[in-house]
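>>> All I have is the shape, not the residue letters:
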């Protein structure tokens, strides 16, 4: 670091000199480490370069030139250096820690900051951040949100998780989300000097959600049977007069797409010309664009929707603004009228995959249509329907009935075709 005693004339005449936003600093030697940083925009700020007790180099901002004079900057720099050398302090780490604590003091503030940071993460942005935030607003914030994040105890988390036992799936997702938010906050604290949010892997006993087991979950095997489809169709028409909601529920069943993918579908990503009928879903769970051909039924649903000038979405919201939101209440009326109380919106996707499986398509083919990364996920959607199950048990009965009989002559084949009952 070259010796230089800055003067007011030098400071006033200083201009940015650098390329591609490179750091530009005029250094002073009273004290050594004080500098005037010049930004490409012309802004000038006082900075102090120092090393921590561990030998890590830091750059502390002392204030802008114009609000703090050269002499004031020198006095402040000397005071900070005394603390660094005599008390092994780290002003940068303390400044960052204060800023983080001010913005993430309560559990609700911490959780919201976690979701926002993960949503903006360039390396691996969070998918489904809106759903994660909804879990927080519904299950975490009411009982715990006002608490300071450092005050929460593991026994309190265990009690809160137990209070949600009636809905084990929701309870587990809430616990996992809160646990992830705490790991993120602890990583922030550990990495505060670098001001870079880290990720915590493994276990950390400082996390009050650590070590609390999840409730056992039973995989859902709910699907719509073909003979139930007329009831569902009639219930949809009786539950709402909104053409977009009516078309949406039918479109989900006709394509197997996710609810969020359909809601955010834009007319620019729809082709309804002849044999080239297809849609491209942009905002998918996997993060990749997903193109799907449309059946005549699905294409007709879209073609029958009125287009609203200035609204790019296929399934327009109330008043023609944006896309549909808040469809859960309507769906609640639909399944009540259809006498299908356990049928969720996502079960329409599971039904579509199951029907494809019954039609003879492989899990890999089904996964390609549904937008799964691997066919392992698709196998869950291939649950047998009532008719397929009946055919399976009938085939097993034929085997058992023939078990005690004389074996067939060589070349004779026993038919194992599916029953049509």
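On my side now, so go ahead. Not measured: the values here are computed from a predicted model.

>>> right, and residue 39 touches residue 16 too?
Yes: Residue 39 is in contact with residue 16 according to Cβ atoms under 8 Å; the separation is 6.5 Å. From N, CA and C alone the C-beta is placed, and that goes for glycine too.

>>> Tell me the residues that contact both of those two, please.
residue 24 (Cβ atoms under 8 Å, 6 or more residues apart in numbering).

>>> where do the strands sit along the stretch 201-350 of the chain?
Per DSSP state E, counting those that start in this stretch, the stretch 201-350 of the chain carries strands over the ranges 270-271, 278-281, 290-293.

>>> Just name the most buried of the ones you listed.
Ranked by mean neighbour count, the strands of the stretch 201-350 of the chain are led by strand 278-281 with a mean of 20 (mean count of other Cβ atoms under 10 Å).

>>> Start and end of stretch 110-126, how far apart?
Criterion Cα to Cα, to the nearest Å; first-to-last residue distance in stretch 110-126 is 16 Å.

>>> Only the buried residues of that stretch, if you could.
For stretch 110-126, burial by neighbour count (16 or more other Cβ atoms under 10 Å) applies to 110, 111, 112, 113, 114, 115, 117, 118, 126.

>>> Next one, pLDDT for the second one please.
pLDDT for residue 111: 95.

>>> got the contact list for it?
Residue 111 neighbours (Cβ under 8 Å, 6+ apart): 133, 136, 140, 141, 145, 177, 178, 181.

>>> swap in the fourth one?
When contacts are counted by Cβ under 8 Å, 6+ apart, residue 113 is found next to 103, 104.

>>> just the fifth one next, same as before
Neighbouring residues of residue 114 by Cβ under 8 Å, 6+ apart: 180, 181, 184, 185.

>>> Show me the shaky parts of the stretch 201-350 of the chain.
Across the stretch 201-350 of the chain, the ranges flagged by pLDDT under 70 are 201-203, 219-221, 285-287.

>>> Number of residues surrounding residue 106?
For residue 106, the count of nearby residues is 16 (other Cβ atoms under 10 Å).

>>> So what pairs up with it in the strands?
residue 148 (DSSP bridges).

>>> Let's see if you can find the most crowded of the contacts of residue 114.
Neighbour counts for those (other Cβ under 10 Å) peak at residue 181, which has 26 neighbours.

>>> returning to that earlier point: any chance of the contacts of residue 114 in CSV, plus secondary structure?
CSV is the format used below for the contacts of residue 114 (DSSP: H, G, I helix; E, B strand; the rest coil):
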residue, secondary structure
180, helix
181, helix
184, helix
185, helix
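
>>> which one of those is nearest residue 6?
Taking Cβ to Cβ as the measure, residue 6 lies nearest residue 185 of the contacts of residue 114, at 40.6 Å.

>>> quick one on the thing from earlier: just flag the most distant two among the buried residues of stretch 110-126.
Using Cβ to Cβ, the two most remote members of those are 110 and 126, lying 15.3 Å apart.

>>> Show me the domain layout of the protein.
8-89, 104-194, 226-379 (automatic domain parsing).

>>> Report the distance from the shortest one to the chain centre.
When C-alpha coordinates are averaged (Cα atoms, centre = their mean, to the nearest Å), domain 8-89 and its chain have centres 40 Å apart.

>>> The last one too?
Its chain's average C-alpha position is 21 Å from that of domain 226-379, according to Cα atoms, centre = their mean.

>>> can you tell me which residues contact the spatially closest residue to residue 299 that is not a sequence neighbour?
Spatially, and ignoring its direct neighbours in sequence, residue 299 is nearest to residue 277 (4.4 Å; Cβ to Cβ, 6 or more residues apart in numbering). In this structure, residue 277 makes contact with 271, 293, 294, 295, 296, 298, 299, judged by Cβ under 8 Å, 6+ apart.

>>> ok, now with 10 Å
270, 271, 292, 293, 294, 295, 296, 298, 299, 300, 302, 303 (Cβ atoms under 10 Å, 6 or more residues apart in numbering).

>>> So which of these is the closest to residue 256?
Distance to residue 256 across the contacts of residue 277 (Cβ to Cβ) is lowest for residue 292, with 8.4 Å.

>>> ok, the closest one touching residue 278?
Yes: between residue 292 and residue 278 there is a contact under Cβ atoms under 10 Å: 6.5 Å.

>>> overlap in contacts of these two?
Common contact partners of residue 292 and residue 278 (Cβ under 10 Å, 6+ apart): residue 298.

>>> just to revisit the earlier point, could I get the contacts of residue 111 as JSON lines with pLDDT?
What follows is those, written out as JSON lines (pLDDT from 0 to 100):
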{"residue": "133", "pLDDT": "92"}
{"residue": "136", "pLDDT": "95"}
{"residue": "140", "pLDDT": "97"}
{"residue": "141", "pLDDT": "96"}
{"residue": "145", "pLDDT": "94"}
{"residue": "177", "pLDDT": "96"}
{"residue": "178", "pLDDT": "96"}
{"residue": "181", "pLDDT": "94"}
